[in-house]
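K.L.:
need a 3D model of the sequence below.
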Amino acid sequence: MANYVLEILDGDRAGEVLPVGDSIIRIGRKAGNDIVLNDEKTSGVHCEILPEGDRLVLKDLGSTNGTFLDGKRLNELVLTPGDVVTIGRTKVKFRDQAEGPAGTDAGEFAMGTIDAGRLQKRGGSIGLIAVLLLVVAGGGGWYWWDGQQQSTGNPAGPKVDATPLAVSGNRLSGASGSCESGEGWALRVAGIGFRPDGEPNSGLSSFTAYFEEDEDDGEAKSIKSDADFAVMQLAEPIEVFAGRSLTVTGHCRTLGGAQIAVRARVFASSEDVPFRFCHGTKMAAYADWQRVETTVTVPAGCDRLLVEVVALLPNKDAEALVDDLAVVEGGTANGINVALKESGQTAFGFGSSVAVRSTDKSNPGTVLAIEPDAVPASMARMHKAGHCVLSDLGVSVACTEVDGGLEIALTGADTMRFVMPSDAAGGLLMADDGAFASVAVEAQAAAKKVLFGSHATRAMLQFEGQTNGRGETGNGRYRFAVATNKATLLLGFRAERQQAGSHVRTAESVRAEGRPGHALDELSKLFQNVPMDSEALAKANNLRREILEAQSTQVATLQRDLEEAEFFTTRGGFDRVASGVDELIALYGEHNVEDLAGVLALQAKAKERLVAVDQATYEVQRTRLIALAEAFSSVQQPALKKLVTDYIARHLNGK
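P.N.:
Numbering: from 1, shown residues only. Take a look at the predicted model:
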């Protein structure tokens, strides 16, 4: 191949002449490119020139403002000597080295201005010397430059070889593991995402996450994304086998305060299995390229693994790079598997990721995951978007079997959040030292005990002391955060179930005896003290509903009696309502009358109308007896008159 060069025709690097060899050359605004153009119209990684046989091809890499030849925008171009290509707003000429710089004779040794500062970012003083030698010495200088490029490299340290790192037994394909292109990866899963344009640890490229600025429209530039994190994932999961341990490795480097972590997500190919486990390296910064690794032991029921890389970018100058990813068999086993005999449930997972499986295949998830709750400010947006896991914080989880359940303890965190299926909130009850009581699903409350779930997923969180909790729903999940790093998850309720059953049987018996109030009292003991058994709760709720429906029917009858008594003004009707309320309260007890205030108001109204009816009756009798007393007086019967007047005074006076 002839010796070709690129000559920058304008901008702050006008006059620079750069060699084009048999390696890929990337051009863009970011510092990691082979040719860096300080042009706001040039994208971070704008285009590349790559050899294909005996020709050189220029490819636009999805730039914002495009790459042009003779005013026509192009995606790909086979370069011909003399082509002047516009990259952003910078013109670059592709020519044979022998032609010499534009505007000079090919035989002259003249050269344009060279930006030594920019060359030092890419290769130090050696790079500057190489270009000088290239321009002065022609083709021989190119071969010296090319050799130096194989032994010098990116700012992270010497680049030994342009060949990608090979990892024996790597389950990732060569293209996916080498990070030379985006093949096999979903680079923009969330946040800013990654791009295949970073300085490599080996080979020619790595994946890098960085902020991209908007176009300059005369005002200050702004960042295109309001996210400050990036997530990439393997596009297709790897098939794995339960019980096997695998180690995920990668090489990471960060700039400008960025942090990065490599993770493994393990799950089941069946959509009926809701468990998703994620564990990885702690979120950290790496000034130089460093190999990191995380090991996972595949839990029972899982058969798929995804490699995931996440990065935090706290400012516009931050960059996070990853290269040479691999998944290999082996590593120290870190599986979690605790089977509980009493409840039949199992806590399982690996590393810092754990879940609890119920015995019900149709509703297998008692606890789907344990997540971080409080996180550092740098992780706030990533956490809010649902992309934080415990390993990001370096947190470890311990699960120990205790009587009736599990003791779950976190090391490295002061709070945690339990994730359950959304229907777990339907049976939510809380208690301190006293009785259990219903609470709003998304309430914030302090308690020592929290009951959730139903039937096979019925469980209770118990804390050493009163602990603040907070519930929230979303995306088919119920999350309950607690301000502690230690909790006992009780799953076996044998004694409580027996006690609850006893309460139900007693309530049914006394109700049959005509003592509904006593039945409600017995059921209240169940609700307040032992509401752990979903079947007993269902029976108790049905019985309570039936009793209260009968009570409601009695109250409705009294209401109708009052309305009829008022219409016909019958004393007997009012008296029946007043005495009927007394009988109702005696039968159920005031504390068991659902609308006690309404019932008492009904009785008060009936008594008021009784007084009014009696008052009208007394007036008629008094008037008649007064007339009779006067008649006795007129016929000289003082004894009879006195008898009548005494009766009026004693029974009807003032009535």
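K.L.:
now residue 462: which helix or strand?
P.N.:
Using DSSP states H and E, the element containing residue 462 is strand 459-474.
K.L.:
contact partners of that strand?
P.N.:
Strand 459-474 has contacts (Cβ atoms under 8 Å, 6 or more residues apart in numbering) with 356, 366-367, 405, 418, 422, 425, 428, 430, 432, 440-453, 478-484, 486-491, 493, 532. Just so you know, the C-beta spots here come from the backbone N, C-alpha and C atoms, and that holds for glycine as well.
K.L.:
which residue comes closest to the residue nearest the centre of the chain once chain neighbours are left out?
P.N.:
Nearest to the mean C-alpha position of the chain, by Cα atoms, centre = their mean, lies residue 386 at 3.0 Å. Of all residues not flanking residue 386 in the chain, residue 475 sits nearest, at 7.8 Å (Cβ to Cβ, 6 or more residues apart in numbering).
K.L.:
ok, residue 192 next?
P.N.:
residue 230 is the one closest to residue 192 (Cβ to Cβ, 6+ apart), at 4.4 Å.
K.L.:
what's the local residue count around that neighbour?
P.N.:
By the criterion of other Cβ atoms under 10 Å, residue 230 has 30 neighbours.
K.L.:
assumed it was part of a helix.
P.N.:
No. Applying DSSP: H, G, I helix; E, B strand; the rest coil, one finds residue 230 to be strand, outside a helix.
K.L.:
name every strand pairing with the strand holding residue 462 and say which way it goes.
P.N.:
Strand partners for strand 459-474, identified by DSSP bridges, are recorded as strand 444-452 (antiparallel), strand 477-482 (antiparallel), strand 486-490 (antiparallel).
K.L.:
name the residues of it that are buried.
P.N.:
Applying a neighbour-count criterion of 16 or more other Cβ atoms under 10 Å, one finds 459, 460, 461, 462, 463, 467, 469, 470, 471 buried in strand 459-474.
K.L.:
want to throw those residues into JSON lines with distance to residue 360?
P.N.:
Listed next are the buried residues of strand 459-474 as JSON lines, based on distance: Cβ to Cβ, whole Å:
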{"residue": "459", "distance to residue 360": "13"}
{"residue": "460", "distance to residue 360": "17"}
{"residue": "461", "distance to residue 360": "20"}
{"residue": "462", "distance to residue 360": "22"}
{"residue": "463", "distance to residue 360": "26"}
{"residue": "467", "distance to residue 360": "28"}
{"residue": "469", "distance to residue 360": "25"}
{"residue": "470", "distance to residue 360": "27"}
{"residue": "471", "distance to residue 360": "23"}
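K.L.:
for residue 610, pull up the helix or strand it's in.
P.N.:
Going by DSSP H and E, residue 610 is part of helix 596-634.
K.L.:
who touches the very next helix or strand once past that helix?
P.N.:
Going down the chain from helix 596-634, the next helix or strand is helix 638-647, by DSSP H and E. Here helix 638-647 makes contact (Cβ under 8 Å, 6+ apart) with 625, 628, 629, 630, 632, 633.
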